[in-house]
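Engineer: coords below, sequence missing:
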């Protein structure tokens with residue numbers, strides 16, 4: 001009697017979901033499960049094309065931003081279940097903003113999504129956002145992640161308790177910008193961003209921020225696709241500024257949990273082809289670690305970042321190559337133009353990015369683990385420099 005073995009992806013649904021391909025790692029691969037479906041979300045309150053000047057959002061900014069600008073960036077911060085890691089990152093960011101001013105005073109924190117786990121609930125904004133950043137002295141702005149827009153339902157209540165993104169919009173896309181109920185006894189005001197996907201215009205860089213919705217691998221509808229191409233074309237007219245694209249789901253990732261998204265790669269490549277403009281750096285999160293890739297196109301070098309270890313308790317490890325954890329620099333055999341330059345998958349952290357003239361200097365600060373002595377300082381686990389006008393890595 002012949003026994004037929006089913007492929008793993010045809011196994012019954014009462015088993016766990018499958019991991020991405022692990023050995024050798026793939027920088028992009030189709031999701032192994034669909035996740036939740038696409039969630040319709042409200043636009044506004046601003047008007048299209050959803051642009052905002054930094055100075056219109058923030059009342060106090062450091063002097064000399066037209067000469068040098070510094071900001072923090074990371075995602076996946078919500079400290080659900082165990083807030084220790086989030087508090088360590090928040091404290092390190094507070095110390096950097098307060099004490100590390102000789103190299104430039106940081107102006108803001110750009111959040112790459114997943115502010116609140118697991119379903120963007122109003123009740124979780126105080127413990128997962130306002131309280132951890134109670135003493136953080138900078139404004140926080142950014143884009144939503146999948147957990148921010150994934151509304152809570154139960155078998156008995158199939159209609160969401162709160163509409164998708166409702167709490168996120170109330171705290172980041174406020175008309176008035178005052179203190180919300182969610183803020184509790186903390187003084188932080190809501191941000192007045194124009195839309196969940198929007199462009200932040202600053203003296204030294206333009207940030208085109210996408211909302212890649214809830215499904216695994218991300219999902220973007222035609223209106224946002226067209227908006228992205230138009231914003232790339234508009235922002236690229238000013239090459240005195242760096243150009244960043246920010247999205248929650250990463251284009252490239254060599255982790256063992258999510259992987260990079262073919263849909264996001266197709267989305268970005270199509271917008272670049274239409275607009276003729278490629279972002280100098282693509283920032284993403286979703287994967288709970290830090291990774292840096294270089295993508296070579298002709299003689300240009302573009303940087304792709306995963307910075308998703310901002311505080312959520314569970315970190316995602318990296319894939320293996322020939323049985324051992326991948327060692328950078330690492331190339332895929334069939335796609336040698338993308339290089340994994342560095343990664344940190346064993347501790348949380350954040351990025352500090354400085355822009356002066358045409359030079360971007362970026363550092364990834366890895367914070368101590370919760371069980372390590374509290375006086376242990378953050379360490380610089382990655383450092384790179386990019387001349388954005390020439391798109392050349394110089395360090």
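Structural biologist: That came in fine, so what should we check first? Since the structure is predicted, the reported quantities are computational estimates derived from the model, not experimental observations. Numbers count the residues shown, from 1 in each chain.
Engineer: in which helix or strand would I find residue 271?
Structural biologist: helix 262-275 (DSSP states H and E).
Engineer: Which residues does that helix contact?
Structural biologist: 28-30, 212, 217-220, 225, 228-230, 232-233, 236, 245, 247, 249-252, 278-279, 282, 284 (C-beta atoms under 8 Å, 6 or more residues apart in numbering). The way it works is simple: take the backbone N, C-alpha and C, and place the C-beta from them, glycine included.
Engineer: cool, stretch 74-88 as well?
Structural biologist: Here stretch 74-88 has contacts from 89-90, 111-118, 124, 127-129, 132, 142, 145, 147, 248, 284-286, 288, 307-313, 348-351, 367-368, 370, using C-beta under 8 Å, 6+ apart.
Engineer: at 7 Å what do you get?
Structural biologist: Stretch 74-88 has contacts (C-beta atoms under 7 Å, 6 or more residues apart in numbering) with 111-118, 128, 132, 145, 248, 285-286, 288, 307-313, 348, 350-351, 367-368, 370.
Engineer: re earlier: from the chain's centroid, how far away is the next helix-or-strand element following the helix holding residue 271?
Structural biologist: The helix or strand immediately downstream of helix 262-275 is strand 281-284, counting by DSSP H and E. Relative to its parent chain, strand 281-284 has a centroid offset of 7 Å by C-alpha atoms, centre = their mean, to the nearest Å.
Engineer: Name the single longest helix found in this protein.
Structural biologist: The longest helix of the chain (DSSP state H) is helix 84-99.
Engineer: I'd like the next helix or strand past it.
Structural biologist: By DSSP H and E, the next helix or strand past helix 84-99 is strand 106-111.
Engineer: Indicate each strand paired with that next one and its parallel or antiparallel sense.
Structural biologist: Strand 106-111 sits in its sheet next to strand 68-74 (parallel), strand 140-142 (parallel), going by DSSP bridges.
Engineer: Which stretch among those strands approaches residue 377 most closely?
Structural biologist: strand 68-74 (16.7 Å; C-beta to C-beta).
Engineer: orientation of the closest one relative to helix 84-99 in degrees?
Structural biologist: 170 degrees (axes from the mean of the first three to the mean of the last three C-alpha atoms, to 10 degrees).
Engineer: In strand 68-74, which residues are buried?
Structural biologist: 68-74 (16 or more other C-beta atoms under 10 Å).
Engineer: same check, this time on stretch 175-193
Structural biologist: Here stretch 175-193 shows 179-180, 182-183, 186, 188-193 as buried, counting by 16+ other C-beta under 10 Å.
Engineer: Stretch 111-119 now?
Structural biologist: Going by 16+ other C-beta under 10 Å, stretch 111-119 has these buried residues: 111-117, 119.
Engineer: And these, which is closest to residue 302?
Structural biologist: Distance to residue 302 across the buried residues of stretch 111-119 (C-beta to C-beta) is lowest for residue 112, with 17.6 Å.
Engineer: Grab the nearest non-local neighbour of that closest one.
Structural biologist: Once flanking residues are discounted, residue 112 sits nearest to residue 75: 2.9 Å by C-beta to C-beta, 6 or more residues apart in numbering.
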